[in-house]
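> Kindly return the folded structure for what I paste below:
(one chain, ligands or ions: 1)
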Amino acid sequence: MKRSKGDKQSFSRRDFLKTTAVGAVALTGLGATKQAQAQARLGMSWDKEADVVVVGSGATGLPAAIEAIEGGASVIVIEANWDVGGHAILSGGNVALGGGTSPQKKYGIVDSPDLLFSDLTDWSVVEPNGFPTYRYNDKEIIRAFADNSAPTYEWLVAHGVIFVDAAPDNRGAGATGNSALRENHAAPMAWPQMQTGKPVAPDRQATTSSGVGLIRPLEVTARKLGVQILLQHRMTSIVRENGTSGRVLGITATNEGKTLNIRARKGVIIATGGSTGNVNFRRMFDPRLTEEYCGVAGEPYSFQDASGELAAMAIGASLWGAYNQTGEFGATITKAGQIGCQYVYRNLQWMPGSPVFHLARASGLRVADWQDVILVNQAGKRFYDETAGQFTGNNYESIKPYIPGSYLNAANIKYKPANFLNAALAGTGEPVNGGGPIWAIFDADAVTREKWTVTPPYVDIATGFFSSGNTIAELADAIKNKYQRKPMPANVLEKTVSIYNSYVDGGKDPDFGKPTPKYKVQTPPFYAAWATPVLHDTRAGLRINAKCQVVDFSGNVMPGLYCGGESAGGFSLHGLARCAVQGRIAGKNAAAEAVEVSKS
Ligand SMILES: Cc1cc2nc3c(=O)[nH]c(=O)nc-3n(C[C@H](O)[C@H](O)[C@H](O)COP(=O)(O)OP(=O)(O)OC[C@H]3O[C@@H](n4cnc5c(N)ncnc54)[C@H](O)[C@@H]3O)c2cc1C
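Presented below is the predicted three-dimensional model:
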């Protein structure tokens, strides 16, 4: 199962043609289908074919593929990456499935599909910033999730996933609803972590949580059942009978510079993982999210480039639930957890043993105490209390007392409209969008306190995500990063540091209310480390219905096209649970499609 980046996929086009003896779909013998007629109209020949073609092999794609093959369909999964798993394999493996799972029952946690549905559609649940997490969820989609949530837990176990043997909790995924503990943790066992290239320590393999514990067992199961997984195959378009109408017939993909057409007799399932890595796409929802948000969580292993959404929209698909992407909640945008390299997502630190470390370039410096740095924008000015956090996630008992659907839930929260992230993304007053880079400025004493090593491979000096200077002015001059729009004015940074040092003397931060500023920035050398917020979840995508069928701009189902997970819209909920559930729903329904036979 071990592969390294750059391995060729084990299944080439030539092999396929040899084994199937068809370069194009056979149009004779069984009688021409409408698909075949349309294909002939389009002048296409198919290089490969299966009943169901799943695009993407992450938290949605693998469950979809397994369900489809168990439903009697032949299945091809195409995966753009050199290995399976997408964001899911990098994830914390915290899977928020409830509604009456066996561990909930074992540990006396009262839950039901109705309670789960009520939690995830409750208009009255708001976060301290006033944003309602679930108000704009599509009730048809959530009902399907609620009804399939507990069965999906049991299904994952039946298909090889080992969960930590403990009571469900609320640790990790967040935003799982107020009424019941629902989080389960996939045990990594001996599977190597993508982040480090190594398994976790033997004494933690069955007790900690990690995405490999979800993905690798599902990969093993899928392969055993006969799912063909084509790595380094990237879907570039979806083929529909009459362009923007009729049945979806298959996809086009590229592999090693060659284009191939893959026919899907029953259905195509889009499981491509969302859009946060596509600057233009994400800015439809939030114009602030310009290029400098370049350390998207999950990159540089797996990219959420909106390719699924764009391909489906090109043949008529609609988007859905756009508010869920604009709304500010949970970990959709996160404060940096480490600093000094491009990829600073707090729950993902790339280590030198990782197969993608050459792309990540540095591990970053974990910040134990935000008192050790000041954070400045690209103009060299502080903008908020450095110790402040980010958006919260609505989680178990986060609203107390919680009365489903009551206005008191919103009325009783302590409203906190200002937020670190809003300030970081605000910019510097110029008529340009985006907040620009955020830099952590610190001195040699901070390095000692934090026990940091400020050389590669911990920091990325070569690409300009970390710099140093013997004076503050020298430091400002040394900041050379492609996202820094203008040089940082040395006099502004000097003034910022000097004012901050005076706040340490006075024990108060009158500008931003940092609780008792502790340490001056005074001992050379001085450092500037990338600390720009990170984009994480996609919460809006293609319009789907309860069967995970994609719906067009006229509200009509697009026959033969399915979608689930982060590429699907209508559902504000972080992470793996909705992906696994929707993958299963899509796989089952795609396999059950009757292929229409031409009457002529
Ligand atoms: C560091 C990290 C930690 C996380 N921790 C948790 C957690 O603990 N709990 C939780 O619930 N959630 C967690 N999440 C979120 C969770 O991983 C995602 O929500 C989930 O994996 C999304 O599933 P998906 O199937 O939509 O996409 P993915 O799992 O990302 O899979 C999409 C796949 O599609 C492939 N693909 C994309 N475009 C194409 C194309 N054109 N052609 C072919 N293939 C394509 C990608 O390469 C990828 O393999 C975490 C995410 C990250 C990044």
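> average pLDDT across stretch 372-385?
For stretch 372-385, mean pLDDT rounds to 97.
> Can you give the distance of that stretch from its chain's centre?
For stretch 372-385, the gap between its own C-alpha mean and the chain's C-alpha mean amounts to 28 Å (CA atoms, centre = their mean, to the nearest Å).
> and if you look at stretch 471-483?
On CA atoms, centre = their mean, the centre of stretch 471-483 falls 32 Å from the chain's centre.
> what sits up against that stretch?
291-292, 294, 380, 436-437, 439, 441, 463-465, 467-469, 487-494, 497, 521, 524, 526-528, 530, 532 (CB atoms under 8 Å, 6 or more residues apart in numbering). (Glycine included, C-beta is placed from N, CA and C.)
> Give the buried residues for that stretch.
For stretch 471-483, a neighbour-count test (16 or more other CB atoms under 10 Å) marks Ile472, Leu475, Ala476, Ala478, Ile479, Asn481, Tyr483 as buried.
> Poorly predicted segments of the protein, please.
Per-residue confidence for the chain (pLDDT under 70) gives these ranges: 1-42, 173-175, 596-600.
> Neighbours of the closest residue to Gln205 other than its chain neighbours, how many?
Spatial nearest neighbour of Gln205, chain neighbours left out: Met189 (5.1 Å); criterion: CB to CB, 6 or more residues apart in numbering. When neighbours are counted by other CB atoms under 10 Å, Met189 registers 17.
> now the strands: where do they sit in the stretch 51-200 of the chain?
Here the stretch 51-200 of the chain has its strands, by DSSP state E, counting those that start in this stretch, at 75-78, 94-96, 183-185.
> quick one: strands adjacent to the second one?
Looking at strand 94-96 with DSSP bridges, its partner strands are strand 183-185 (antiparallel).
> Contacts for the strand it pairs with next, please.
Applying CB under 8 Å, 6+ apart, the contact partners of strand 183-185 are 93-97, 101, 103, 153, 163-164, 166, 168-173, 176, 208-209, 213.
> Would you check that Pro510 makes contact with Tyr500?
No - here Pro510 does not reach Tyr500: they are 11.1 Å apart, not a contact under CB atoms under 8 Å.
> Between those two, which has more neighbouring residues?
Neighbours were counted for Pro510 and for Tyr500 using other CB under 10 Å; Tyr500 has more, 21 against 9.
> For the residue nearest to the more buried one when sequence neighbours are not counted, list each beta-bridge partner.
Nearest non-adjacent residue to Tyr500, counting by CB to CB, 6+ apart: Ile374, 5.4 Å away. Judged by DSSP bridges, the bridge partners of Ile374 are Ile441.
> Tell me how far Ile374 lies from Ile69.
According to CB to CB, to the nearest Å, Ile374 and Ile69 sit 55 Å apart.
> Number of residues surrounding the closest residue to Ile403 other than its chain neighbours?
Distances taken as CB to CB, 6+ apart put Asn409 closest to Ile403, at 6.4 Å, once the chain neighbours are dropped. Counted with other CB under 10 Å, residues neighbouring Asn409 total 22.
> swap in Arg223?
Neighbours of Arg223 using other CB under 10 Å come to 15.
> which SS state does it fall under?
helix (DSSP: H, G, I helix; E, B strand; the rest coil).
> check contacts around it.
Shown in contact with Arg223 (CB under 8 Å, 6+ apart): Ile229.
> go again using 10 Å as the cut-off
Counting by CB atoms under 10 Å, 6 or more residues apart in numbering, Arg223 makes contact with Met1, Ala65, Val77, Val84, Ile229.
> if we can go back for a sec, state the distance from the residue nearest to Tyr500 to Glu79.
With distances taken as CB to CB, Ile374 is found 43 Å from Glu79.
> Next: Ala331.
25 Å.
> Who has more neighbours out of the two?
Glu79 (27 against 23).
> The more buried one touches Gln232, doesn't it?
Yes - counting by CB atoms under 10 Å, Glu79 touches Gln232, with 7.5 Å between them.
> what number of residues lie near the residue nearest to Phe281 when sequence neighbours are not counted?
Counting by CB to CB, 6+ apart, Ala306 is the residue found nearest to Phe281 once chain neighbours are left out, at 4.0 Å. For Ala306, the count of nearby residues is 24 (other CB under 10 Å).
> May I have the phi/psi pair for Ala306?
Main-chain dihedrals, Ala306, degrees, to the nearest 10: phi 70, psi 20.
> Repeat that for the one 10 residues further on.
As for Gly316, its main-chain torsions (degrees, to the nearest 10) stand at phi 120, psi 0.
> List the buried residues in the strand ranked longest in the chain.
For the chain, the strand with the greatest residue count under DSSP state E is strand 258-270. Neighbour counts over strand 258-270 (16+ other CB under 10 Å) mark Leu260, Asn261, Ile262, Arg263, Ala264, Arg265, Lys266, Gly267, Val268, Ile269, Ile270 as buried.
> Helices - which of the contacts of strand 183-185 land there?
Pro103, Tyr153, Gly213 (DSSP state H).
> The first one and Leu156 touch, don't they?
Right, Pro103. No - judged on CB under 10 Å, Pro103 makes no contact with Leu156 at a distance of 11.8 Å.
> Stretch 92-102 near the ligand anywhere?
Yes - against the ligand, stretch 92-102 shows contacts by CB under 6 Å from any ligand atom at Gly92, Gly93, Asn94, Val95, Ala96.
> Look at Pro352 and say how many residues are nearby.
14.
> which ones are touching it?
Pro352 is in contact with Thr196, Gly197, His358, Ala360, Ala362, Ser363, Pro456, Pro457, Tyr458, counting by CB under 10 Å, 6+ apart.
> So what pairs up with Asp552 in the strands?
Ala317.
> can you count the residues close to it?
Counted with other CB under 10 Å, Asp552 comes out at 19.
> That one: what's it in contact with?
Thr244, Ser245, Ala312, Met313, Ile315, Gly316, Ala317, Ser318, Leu542, Arg543, Met558, Leu561.
> Could you pull up phi and psi at the closest residue to the fourth one other than its chain neighbours?
When the adjacent residues along the chain are set aside, Met313 lies closest to Leu319, with 7.2 Å between them (CB to CB, 6+ apart). Backbone torsions of Leu319, given as degrees, to the nearest 10, read phi -90, psi 170.
> my guess is Leu319 contacts Met284, does it?
Yes - using CB under 10 Å, Leu319 is in contact with Met284, at 8.3 Å.
> higher neighbour count, those two?
The residue with more neighbours, out of Leu319 and Met284, is Leu319; 20 against 16, by other CB under 10 Å.
> and the gap between the more buried one and Val279?
For Leu319, the distance to Val279 equals 17 Å [CB to CB].
> hang on, the earlier thing: what would the buried residues of stretch 471-483 look like in CSV with distance to the ligand?
Below are those laid out as CSV (distance: CB to the nearest ligand atom, whole Å):
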residue, distance to the ligand
Ile472, 34
Leu475, 31
Ala476, 32
Ala478, 30
Ile479, 27
Asn481, 23
Tyr483, 21
